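1. my questions are about this predicted structure, shown below with the sequence.
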Amino acid sequence: MKRCGGPVIGLALVTAALAGCGGGGGDNAPAATPTVRPTATATSTPTALPTIGPIITFLGVTRADFSLLEPSSLSGDGTPIYTRIGGSGFSIIVEGRPGSSGAPVGDSSYTQDLSGLPDLQIIASRPLGNGSTAVCDISPPNSGGVPGIAQKDFSPTDSNIKAINDFACRFRDGAGDPKGVGSQDACVLFPSGDYAFVDTSSTIEFCGQIARSMSFPDGDTLVTVRLRDTSGYVGPSANIILRVAPVPTPPPSATPTVVPTPVSSSGPAITFFGVTRADGTLLEPIDFTEDNVPIYQRRGGFGFTLVVEGRPGASGAAVSPSSYQSDLITFPDLQVQVSRDLGNGSPAVCDVPDPRNPTPSPGGGVPGISPPSFDLTESNIDAVNDFACRFRDGAGNPIARGRSDSCVLFPSGDYNFVAAGSTLQFCASIDGVLAFQTGDTLVTARLRDVNGVVGLSSSIVIRVQ
């Protein structure tokens, strides 16, 4: 499917019904030659606002990999309906251009002092996630949802200002700031491999990843959006419907064959397994596999950190802290593996670059194990030790961290464990030597206690575009 302005190869179902590129539509919108793919344009009637304000040129949805999703149908009034089997793991995209005033579209998606509405003004007709009334509560482990506004009501009441800022602040640029992006930082991925605006007339794009903490409820939720320019003029609104229609849970026979290896529930429990950005702030999963494994997406294969936290299991024995078994007779206490090679996949064990060496080695990668296996073979012992030894404390030793040495940075400015019950934390900075390959790599981890009992394993997927 080509972008706005090119031939349309999309669903014939909505081609004839969706007209134009503006997204705002309505009697007040200026006439223009359509430039957006007809199958992806919102055409609902706008609120009665002067068209001197910004025009929404595109309002739609992308999949977890940021490729465009086509509307599945139209409502009775022509509003595009996007159907998902789950309420999270996708993105909402809003693009705009200046209205007749010519003033640029404002780029803010959050008014920090809550004195008014941001430039991106977006509401959902029903609560998202737990509907938390806290504003912009996006940081785990206390991430919250967004209150709903049943009517298309943008009046600046206290509750509306909070709800609109709460939703809009989830729309962030590539640096994680609540603001729109230019064409060079567009988040929509096209079949060519390029990231670009959907509508060639757009001057700004807002990208909102829908994480599980703000999951849409089952059924239909109306999303209404409008934009404000730098002169304070607000443009006409546009609508889409997010329809969540879950499919029945597949029978056990349909469960993927790659499953965690059961060892003993009396062994240590993994309390958190996830990813931070290069600055130590937590990254939300963008989706989940069919067996509920979190998917963390990155545009590059390095420049982030893997974090594993644990606590004692039913036996009460403390989690043992080593991440390297130097004699290579068995696994270390942190046992972690990947389904595909990292970096050059070097079979050398723990070949970590040492900057203190006057002639440091460039280091090597880690061999993959597919399907995942913790069988005590020589190759598995080597590969698991090779990866685990990259999990180091603040002094660079292959060992777990305590709470005071945590690698996870919270908005308060404090470093701390993610899960309240964690007793230790393992952190691995993924550099270019350990770069993940393009596509999906399964990472599986488990922990051992001081009595040698191994706990149940846990997995995440690292997806590199």
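-> Okay, I see it. Numbering: from 1, shown residues only.
2. and the helices in the stretch 51-200 of the chain?
-> Along the stretch 51-200 of the chain, the stretches classed as helices by DSSP state H, counting those that start in this stretch are 158-168.
3. any weak-confidence spans in it?
-> Where the stretch 51-200 of the chain drops to pLDDT under 70, the residues are 140-141.
4. tell me the centre residue of the chain?
-> Closest residue to the average C-alpha location of the chain: I286 at 3.3 Å, with C-alpha atoms, centre = their mean.
5. that residue reaches F66, doesn't it?
-> No: in this structure, I286 is not within contact of F66 by C-beta atoms under 8 Å, at 9.1 Å. Where C-beta positions appear, they are placed from N, C-alpha and C, glycine not excepted.
6. residues contacting the residue nearest to the centre of the chain?
-> A64, G89, Q209, A211, I295, Y296, Q297, R463 (C-beta atoms under 8 Å, 6 or more residues apart in numbering).
7. can you rerun that using 7 Å?
-> Listed by C-beta atoms under 7 Å, 6 or more residues apart in numbering, the contact partners of I286 are A64, G89, Q209, I295, Q297.
8. G267: which of those is nearest?
-> I295 (26.1 Å; C-beta to C-beta).
9. who's the closest one bridged to?
-> Counting by DSSP bridges, I295 forms beta bridges with D287, V461.
10. against F410, how distant is it?
-> Distance of I295 to F410, computed by C-beta to C-beta, to the nearest Å: 23 Å.
11. which parts of the stretch 151-300 of the chain are strands?
-> Secondary structure of the stretch 151-300 of the chain (DSSP state E, counting those that start in this stretch): strands located at 204-210, 219-227, 238-244, 269-277, 282-283, 287-288, 294-298.
12. as a markdown table, these with distance to P371, mean pLDDT and mean neighbour count would be great.
-> Output for these, formatted as a markdown table (distance: least, C-beta to C-beta, whole Å; pLDDT from 0 to 100; neighbours: other C-beta atoms under 10 Å):
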| stretch | distance to P371 | mean pLDDT | mean neighbour count |
| --- | --- | --- | --- |
| strand 204-210 | 30 | 94 | 25 |
| strand 219-227 | 38 | 96 | 22 |
| strand 238-244 | 32 | 95 | 24 |
| strand 269-277 | 19 | 95 | 20 |
| strand 282-283 | 26 | 92 | 20 |
| strand 287-288 | 20 | 88 | 20 |
| strand 294-298 | 18 | 93 | 19 |
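13. with distance to S346 added, can I get these in JSON lines?
-> Below are those laid out as JSON lines (distance: least, C-beta to C-beta, whole Å):
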{"stretch": "strand 204-210", "distance to S346": "34"}
{"stretch": "strand 219-227", "distance to S346": "48"}
{"stretch": "strand 238-244", "distance to S346": "45"}
{"stretch": "strand 269-277", "distance to S346": "23"}
{"stretch": "strand 282-283", "distance to S346": "27"}
{"stretch": "strand 287-288", "distance to S346": "31"}
{"stretch": "strand 294-298", "distance to S346": "22"}
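14. of all these, which one comes closest to A314?
-> strand 269-277 (8.7 Å).
15. what is the closest one packed up against?
-> strand 282-283, strand 294-298, strand 304-311, strand 439-447, strand 458-464 (3 or more C-beta pairs under 7 Å, 6 or more residues apart in numbering; DSSP states H and E).
16. mind redoing it with 10 Å?
-> Where contact means 3 or more C-beta pairs under 10 Å, 6 or more residues apart in numbering; DSSP states H and E, strand 269-277 is packed against strand 282-283, strand 294-298, strand 304-311, strand 424-430, strand 439-447, strand 458-464.
17. quick one: which of those is nearest E378?
-> It is, among the helices and strands packed on strand 269-277 and with distance given as C-beta to C-beta, strand 439-447, at 19.1 Å.
18. put the alpha carbons of the closest one into CSV.
-> Taking C-alpha atoms only, strand 439-447 is exported to CSV below (Å, rounded to 0.1, in the frame of the first residue of the first chain):
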residue,chain,number,x,y,z
GLY,A,439,13.3,-9.2,13.9
ASP,A,440,12.3,-11.1,17.0
THR,A,441,14.7,-12.7,19.5
LEU,A,442,13.3,-14.6,22.5
VAL,A,443,15.2,-14.0,25.8
THR,A,444,14.6,-16.6,28.5
ALA,A,445,15.9,-16.3,32.1
ARG,A,446,15.7,-18.2,35.4
LEU,A,447,17.4,-17.9,38.8
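19. given it, what are its sheet partners and their directions?
-> Strand pairing (DSSP bridges) places strand 439-447 next to strand 334-338 (antiparallel), strand 458-464 (antiparallel).
20. closest to G232 out of the contacts of I286?
-> Q209 (28.5 Å).
21. how far does stretch 67-78 sit from the chain's center?
-> 23 Å (C-alpha atoms, centre = their mean, to the nearest Å).
22. and stretch 103-122, by the same measure?
-> 22 Å.
23. quick one: mean pLDDT over stretch 426-440.
-> On average, the pLDDT along stretch 426-440 is 94.
24. flag every buried residue along it.
-> F426, C427, A428, S429, I430, D431, V433, L434, A435, F436, Q437 (16 or more other C-beta atoms under 10 Å).
25. just stretch 398-413 next, same as before
-> Applying 16+ other C-beta under 10 Å to stretch 398-413 flags P398, I399, A400, R401, S406, C407, V408, L409, F410 as buried.
26. of all the strands paired with strand 439-447, which one comes closest to G53?
-> strand 458-464 (37.6 Å).
27. between strand 269-277 and the closest one, find me the angle.
-> On the basis of axes from the mean of the first three to the mean of the last three C-alpha atoms, to 10 degrees, strand 458-464 is oriented at 10 degrees to strand 269-277.
28. extract the CA atoms of strand 458-464 and return them as PDB.
-> Taking C-alpha atoms only, strand 458-464 is exported to PDB below (Å, rounded to 0.1, in the frame of the first residue of the first chain):
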ATOM      1  CA  SER A 458      10.400 -16.200  32.300                       C
ATOM      2  CA  SER A 459      10.700 -14.700  28.800                       C
ATOM      3  CA  ILE A 460      10.500 -11.500  26.800                       C
ATOM      4  CA  VAL A 461      10.800 -10.800  23.100                       C
ATOM      5  CA  ILE A 462      13.200  -8.100  21.800                       C
ATOM      6  CA  ARG A 463      11.900  -6.900  18.400                       C
ATOM      7  CA  VAL A 464      14.300  -4.900  16.300                       C
END
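29. now the angle between strand 304-311 and that strand, please.
-> Using the same axes, to 10 degrees: strand 458-464 against strand 304-311 is 170 degrees.
30. helices along the stretch 251-400 of the chain, start to end?
-> Using DSSP H, counting those that start in this stretch, helices in the stretch 251-400 of the chain cover 378-388.
31. low-confidence bits of the stretch 251-400 of the chain, can you list those?
-> Those would be 251-264, 353-362, if you go by pLDDT under 70 across the stretch 251-400 of the chain.
32. contacts only, for the closest residue to A150 other than its chain neighbours.
-> Once flanking residues are discounted, A150 sits nearest to S125: 5.8 Å by C-beta to C-beta, 6 or more residues apart in numbering. Neighbour list for S125: 148-152, 220-224, 239, 241-242 [criterion: C-beta atoms under 10 Å, 6 or more residues apart in numbering].
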